[in-house]
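Enquirer: quick check, what structure comes out for this input:
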Amino acid sequence: MNQNRNKDNDLQRAIDEITQKGGSNGAPKAAPAPMASGMPQPAPSAMKLPQSPAPQMGMPTMPPMSTSSFGRPMSYGADISKVKEAALKELFPIMDRVEVEPEKRFLLYQEMLTTMRDKAVIAPAYEAARQIRDDKVRADSLLYLINSIDEMSL
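Expert: Take a look at the predicted model:
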């Protein structure tokens, strides 16, 4: 039996050497503290057990959920249009931190207006439209805003 234990220890040491070369920076591991009973401790490598592919007992499994910054859980399998709407709602309060050209900024606000139908988007969208340098693009953007305001007022 002692001969089998030595073979197991040698095998485990070989495995440890291989895994240390690939996964660690070569730093030696600290030896475990001796037991209070005074019994001799086996080498640290002999104490390792092979990992089974089965889930470990007592470990909680994570459901396929994500939590938005508003604290509402959202399923990964949710309708993509709802994910888009949630993303636009989360983006709206931080749009001033987005570094894009005025035309692209307006297009983001346009997307928010189309998806969210929220009147709070109109004023920042108007400011973005006013900063567009190309007269034709600025005119189209302002006309879009006018039509959106008319639709929301009905």
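Enquirer: for stretch 87-103, buried residues please.
Expert: Neighbour counts over stretch 87-103 (16 or more other C-beta atoms under 10 Å) mark 88, 89, 92, 95, 102, 103 as buried. (Glycine included, C-beta is placed from N, CA and C.)
Enquirer: contacts for that stretch, please.
Expert: Here stretch 87-103 makes contact (C-beta atoms under 8 Å, 6 or more residues apart in numbering) with 68-70, 105, 108-109, 111-112, 115-116, 118, 120-121, 124, 128-129, 131-134, 137, 141.
Enquirer: in helices, which of the residues you listed fall?
Expert: Members of the contacts of stretch 87-103 lying in helices (criterion: DSSP state H): 105, 108, 109, 111, 112, 115, 116, 124, 128, 129, 137, 141.
Enquirer: out of the residues you listed, who's nearest residue 10?
Expert: residue 108 (63.3 Å; C-beta to C-beta).
Enquirer: residue 97 and residue 137: what is the separation?
Expert: As judged by C-beta to C-beta, to the nearest Å, residue 97 and residue 137 stand 23 Å apart.
Enquirer: meant to ask about residue 129, not that
Expert: Noted for residue 129: a distance of 9 Å to residue 137, by C-beta to C-beta.
Enquirer: likewise for residue 145?
Expert: Going from residue 145 to residue 137 by C-beta to C-beta gives 13 Å.
Enquirer: repeat for residue 96
Expert: For residue 96, the distance to residue 137 - C-beta to C-beta - is 21 Å.
Enquirer: could you dump the buried residues of stretch 87-103 to JSON lines with pLDDT?
Expert: Listed next are the buried residues of stretch 87-103 as JSON lines, based on pLDDT from 0 to 100:
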{"residue": "88", "pLDDT": "94"}
{"residue": "89", "pLDDT": "94"}
{"residue": "92", "pLDDT": "95"}
{"residue": "95", "pLDDT": "95"}
{"residue": "102", "pLDDT": "96"}
{"residue": "103", "pLDDT": "97"}
